[in-house]
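A.B. asks: got a predicted structure plus its sequence, pasted below:
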Amino acid sequence: MVLSSVLGFPRIGAKRELKKATESYWAGKSSVEDLLKVGKELRAHNWKLQKDAGVDLIASNDFSYYDQILDASLLFNVIPERYQKYSLPQIDTLFAMGRGLQRPATDSTPAVDVPALEMVKWFDSNYHYVRPTFSHSTTFKLNGQKPVDEYLEAKELGIETRPVLIGPVSYLVLGKADKDSLDLEPISLLEKLLPVYAEVLQKLLDAGAKSIQIDEPVLVLDLDEKVKAAFKTAYSVLAEKVPAAKLILATYFGDVRPNLDAVKGLPVAGVHFDFVRVPEQLDAAVEALSAEQILSVGIIDGRNIWKADLNKAVKFVESAIAKVGKERVIVATSSSLLHTPVDLENETKLDAEIKDWFAFATQKLSEVVIVTKAVNGEDVKAELEANAKSISARASSSITNDAAVQKRVAELGEKDTKRASAFAARLEAQKSLNLPLFPTTTIGSFPQTKEIRVQRQKLNKGEITAEQYEKFIEKEIQDAIKFQEEVGLDVYVHGEPERNDMVQYFGEQLKGFAFTQNGWVQSYGSRYVRPPIIVGDVSRPSPMTVKESKYAQSVSPKPMKGMLTGPVTILRWSFPRNDVSQKVQAQQLAFALRDEVNDLEAAGVTVIQVDEPAIREGLPLREGEERSAYVQWAPESFRIATSGVKDSTQIHSHFCYSDLDPAHIKALDADVVSIEFSKKDDSNYIQNFSDYPNHIGLGLFDIHSPRVPPQSEFEKRIADILAVYPKENLWINPDCGLKTRQWDECRKQLTNMVNAAKVFREKYA
Ligand SMILES: Nc1nc2c(c(=O)[nH]1)N[C@@H](CNc1ccc(C(=O)N[C@@H](CCC(=O)N[C@@H](CCC(=O)N[C@@H](CCC(=O)O)C(=O)O)C(=O)O)C(=O)O)cc1)CN2
Ligand code: MET
Ligand SMILES: [Zn+2]
């Protein structure tokens with residue numbers, strides 16, 4: 001009989017219970033016991049939900065209080081000395097590594113001041129993991145036994161689960177060398193790490209685990225020979241030490257074909273493939289497996305919210321069965337469901353026609369089960385017929401097509417993608433801005449306080465009028481400007497108080513989008529997003545940001561940056577359509593934004609920032625045609641959005657969370673770029689943008705952390721940067737927006753930053 005399986009379920013809770021519990025614990029408002037209780041309830045709830053839906057193989061250890069990769073670092077005791085030395089309780093060490101910790105001494109405890117580890121994008125998703133950080137002195141040992149505890153916890157509830165672990169090769173490859181050990185290659189630590197993996201596997205076996213999901217997602221990346229060879233070493237050692245462990249090696253988000261030689265012959269019980277992304281890899285996958293190995297068929301999309309075409313999915317699984325036989329097939333989600341919202345049932349305001357097109361995590365459980373039943377010959381005729389109806393209704397809906405939008409994209413020409421003059425001429429024209437040497441600025445958002453969110457909630461509930469809300473926002477903008485005057489910044493921002501989120505806010509104003517009330521997805525730690533959903537051709541019915549920018553400009557004579565999110569980032573952080581290419585969706589967004597940029601300019605806004613923090617995560621995971629096409633169309637869509645302005649209008653852009661390729665940044669032709677930088681320990685990284693021809697600001701402090709770097713630390717960083725970059729090109733700014741900070745925190749951070757800039761301004765005056 002074919003079994004159904006789910007690779008992981010969202011842990012945040014349908015009502016964001018985990019966020020509330022964690023933030024309350026951080027604020028000192030509740031105890032660690034309170035937090036652990038919420039975690040336990042969420043796990044129980046999610047396991048039961050899956051069991052009731054009829055899922056056979058349910059994941060455990062997919063839960064985390066912050067990030068599952070960080071959990072693995074704690075489990076293997078990969079805790080750099082700077083955190084170890086405080087001997088904090090385990091959960092506080094976890095949070096200190098995830099978000100940094102700074103607190104004054106008390107009678108019984110010393111002062112703590114430690115920055116967070118680096119946080120980076122999880123493959124091509126908007127989830128971020130905390131990067132394992134290794135040094136020459138790293139030794140591995142088992143620290144606690146979270147996977148075993150959670151397996152037993154489920155068992156006690158009468159639920160048999162399949163524990164999930166990040167695999168040893170991926171764990172190392174996704175990590176990096178610490179700043180004191182830059183010559184260390186993480187993969188060289190494999191042999192030291194394996195005994196600890198074997199120990200965990202043995203403990204899981206002893207606890208009764210029948211099989212274990214071991215994730216090796218790096219198998220969808222371009223790998224060098226050394227890493228490829230590491231798979232053989234790793235899994236041979238594990239098979240030798242724990243021969244009874246039945247491992248299902250899971251890959252997802254891409255094509256494993258180029259690395260199948262590394263998978264072939266591994267002593268594992270089975271392999272999982274993402275056939276939603278790459279259905280074409282079926283034959284090669286089958287061919288790579290031995291006659292005993294299980295094929296886990298990832299066929300229900302873990303990355304998007306569209307209802308699956310179940311009839312098609314059934315056919316696909318049947319074709320797999322025809323090749324390997326029923327006994328060797330498992331039906332599965334393509335990846336963990338972590339990347340999808342929890343439950344569509346909680347959406348009460350969605351248009352009924354559109355709602356019928358979606359499946360969130362909870363609905364996907366049923367999808368997996370229906371496909372499984374179908375291939376097992378159970379009667380699911382009614383379900384399959386209902387599904388076919390939804391699928392064809394969407395395909396023929398009038399909501400998806402807008403002829404005017406399609407025509408504009410079809411007529412796209414070179415004139416739409418180029419500024420009038422080259423950078424040198426624009427720089428000359430922009431002298432009218434009268435900026436000092438080392439201009440200081442921020443990236444856009446200021447603290448999104450409780451008060452702002454409460455006012456917005458009141459507006460949404462109809463408890464205050466649109467006018468009252470607008471007055472409130474104006475007051476917030478005034479306060480943000482006053483704050484910037486006090487701190488002494490040069491180029492101001494309005495602070496983005498009117499935005500719930502930099503992508504959702506635009507989605508809500510654009511035609512062609514649907515948005516949710518409760519469709520939260522974890523982005524990192526306790527921070528979640530509600531990605532808007534692109535359901536049809538996109539256009540801009542009316543200006544989206546002009547009112548606020550114009551108001552801000554009227555309050556102060558200083559240059560005020562208009563603030564937009566770029567086409568690629570809106571696309572990447574939304575749930576995209578699956579019936580039109582990403583390129584076309586980006587171009588439609590680009591034209592909508594072009595109109596907005598031009599309207600801002602017409603309203604007297606002379607500096608306009610168009611953020612593209614997701615441009616790197618959109619890069620196809622492997623080299624090849626798709627990637628070559630992306631590096632053309634992605635920057636081009638940014639240029640469509642920004643090239644309609646005069647030379648004297650200064651275009652900024654901003655990037656964060658990724659190892660950027662400077663060539664891609666150059667292709668945007670922005671006048672000024674700001675780049676997240678403060679957590680890049682690798683001193684070579686500083687060189688990367690040194691030939692950026694236009695102006696640049698390398699982020700000087702980590703905005704995710706409440707930590708306030710002293711002025712001397714800022715001066716040191718600026719001096720390091722000045723050793724590589726011409727002083728005329730340099731801007732002074734934080735890593736990213738400050739929306740997650742408190743006002744008193746960013747006042748201290750920015751004051752030290754501005755004072756450091758002044759030191760250098762005087763030095764070179
Ligand atoms: N989409 C997106 N992706 C991104 C980023 C980003 O900014 N946006 N930044 C990078 C890092 N990721 C981030 C993701 C989320 C947040 C973030 O701050 N999220 C907020 C939610 C933002 C939001 O939508 N807020 C709404 C809803 C706020 C809310 O919770 N309201 C309360 C009511 C008010 C209250 O009692 O607080 C409620 O509904 O219960 C609003 O402001 O209107 C959070 O988790 O806290 C920050 C960074 C990369 N990816
Ligand atoms: C994730 S990039 C954020 C850019 C945006 N302008 C902000 O400051 O919040
Ligand atoms: Zn950013």
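C.D. replies: Happy to help now that I have it. Ligands and ions are numbered 1, 2, ... in the order given.
A.B. asks: okay, now Ala209: neighbour count?
C.D. replies: 22 (other Cβ atoms under 10 Å). Bear in mind the C-beta positions are built from the backbone N, C-alpha and C, glycine included.
A.B. asks: repeat for Gln517
C.D. replies: Around Gln517 there are 12 residues (other Cβ under 10 Å).
A.B. asks: any idea how far ligand 3 is from it?
C.D. replies: According to Cβ to the ion, to the nearest Å, Gln517 and ligand 3 sit 26 Å apart.
A.B. asks: same question, Glu548
C.D. replies: In terms of Cβ to the ion, Glu548 sits 19 Å off from ligand 3.
A.B. asks: give me the element that residue is part of.
C.D. replies: According to DSSP states H and E, Glu548 maps onto helix 546-555.
A.B. asks: list the buried residues in the following helix or strand past that helix.
C.D. replies: Using DSSP H and E, the helix or strand that follows helix 546-555 in sequence is strand 560-565. Across strand 560-565, burial judged by 16 or more other Cβ atoms under 10 Å covers 560-565.
A.B. asks: who's in contact with the closest residue to Pro532 other than its chain neighbours?
C.D. replies: Spatially, and ignoring its direct neighbours in sequence, Pro532 is nearest to Gly507 (2.7 Å; Cβ to Cβ, 6 or more residues apart in numbering). The contact partners of Gly507, taken as Cβ atoms under 8 Å, 6 or more residues apart in numbering, are 513, 515, 531-534, 570, 574.
A.B. asks: could you check the angle the helix holding Glu548 makes with strand 560-565?
C.D. replies: For helix 546-555 against strand 560-565, the angle by axes from the mean of the first three to the mean of the last three Cα atoms, to 10 degrees is 160 degrees.
A.B. asks: coming back round to it: tell me how far the residue nearest to Pro532 lies from Leu189.
C.D. replies: When Cβ to Cβ, to the nearest Å is the yardstick, Gly507 and Leu189 sit 43 Å from each other.
A.B. asks: now do Gln484
C.D. replies: 46 Å.
A.B. asks: and Tyr630, by the same measure?
C.D. replies: For Tyr630, the distance to Leu189 equals 33 Å [Cβ to Cβ].
A.B. asks: tally up the residues packed near the residue of the stretch 301-450 of the chain found nearest ligand 1, please.
C.D. replies: Per Cβ to the nearest ligand atom, Lys450 is where the stretch 301-450 of the chain lies closest to ligand 1, at 5.1 Å. Using other Cβ under 10 Å, Lys450 has 8 neighbouring residues.
A.B. asks: again, but for Pro243
C.D. replies: Pro243: 9 neighbours (other Cβ under 10 Å).
A.B. asks: nearest to ligand 3: which residue in the stretch 501-650 of the chain?
C.D. replies: Relative to ligand 3, the nearest point of the stretch 501-650 of the chain is Pro613 (4.5 Å; Cβ to the ion).
A.B. asks: from Phe638, how far off is that residue?
C.D. replies: In terms of Cβ to Cβ, Pro613 sits 12 Å off from Phe638.
A.B. asks: near ligand 3, which residues of this protein?
C.D. replies: The chain comes close to ligand 3 at residues 613, 656, 736, as judged by Cβ under 5 Å from the ion.
A.B. asks: list the contacts of the spatially most central residue of the chain.
C.D. replies: Nearest to the mean C-alpha position of the chain, by Cα atoms, centre = their mean, lies Asn126 at 1.9 Å. Neighbouring residues of Asn126 by Cβ under 8 Å, 6+ apart: 339, 521, 523, 529, 531, 572-573, 614, 617.
A.B. asks: which SS class is it?
C.D. replies: coil (DSSP: H, G, I helix; E, B strand; the rest coil).
A.B. asks: pLDDT at it, what is it?
C.D. replies: On pLDDT, Asn126 comes in at 96.
A.B. asks: so what's the residue count around Leu435?
C.D. replies: Neighbours of Leu435 (other Cβ under 10 Å): 19.
A.B. asks: so it sits right up against Asp490, yeah?
C.D. replies: Yes: taking Cβ atoms under 8 Å as the definition, Leu435 is a contact partner of Asp490 at 6.1 Å.
A.B. asks: re the thing from before, which of the residues of the chain next to ligand 3 fall within helices?
C.D. replies: With helices taken from DSSP state H, there is no overlap with the residues of the chain next to ligand 3.
A.B. asks: Ala602: which of these is nearest?
C.D. replies: Nearest to Ala602 among the residues of the chain next to ligand 3: Pro613, at 26.7 Å, using Cβ to Cβ.
A.B. asks: who touches that closest one in this structure?
C.D. replies: Contacts of Pro613 (Cβ under 8 Å, 6+ apart): 569, 654-658, 736.
A.B. asks: just to be sure, Ala313 is in a helix?
C.D. replies: Yes: applying three-state DSSP, one finds Ala313 inside a helix.
A.B. asks: interface residues of the stretch 101-250 of the chain facing ligand 1?
C.D. replies: Counting by Cβ under 6 Å from any ligand atom, the residues of the stretch 101-250 of the chain close to ligand 1 are Asn126.
A.B. asks: could you pull out the residues contacting both of Leu435 and Asp490?
C.D. replies: Joint contacts of Leu435 and Asp490 (Cβ under 8 Å, 6+ apart) are Pro559.
A.B. asks: and the residue nearest to Pro532, what's its pLDDT?
C.D. replies: Gly507 carries a pLDDT value of 97.
A.B. asks: please apply the same query to Asp681.
C.D. replies: 67.
A.B. asks: in the chain, which ranges drop under the pLDDT threshold?
C.D. replies: Residue ranges of the chain with pLDDT under 70: 681-682.
A.B. asks: how is it divided into domains?
C.D. replies: Listed domain ranges for the chain are 3-80+117-342+350-396, 407-413+439-449+480-504+539-681+689-764 (source: automatic domain parsing).
A.B. asks: OK, now which residue of the protein is nearest to ligand 2?
C.D. replies: Closest point on the chain to ligand 2, by Cβ to the nearest ligand atom, is Gly737, at 1.9 Å.
A.B. asks: give me every residue that touches the nearest residue to that residue once chain neighbours are set aside.
C.D. replies: Leaving aside its chain neighbours, Gly737 sits nearest to Ser445 (3.5 Å; criterion: Cβ to Cβ, 6+ apart). By Cβ under 8 Å, 6+ apart, the contact list for Ser445 reads 493, 495-496, 499, 502, 737-739.
A.B. asks: make it 7 Å
C.D. replies: 495-496, 737-739 (Cβ atoms under 7 Å, 6 or more residues apart in numbering).
A.B. asks: hmm, back to that, most neighbours, which of the contacts of Gly507?
C.D. replies: Ile570 leads these on contacts (other Cβ under 10 Å) with 32 neighbours.
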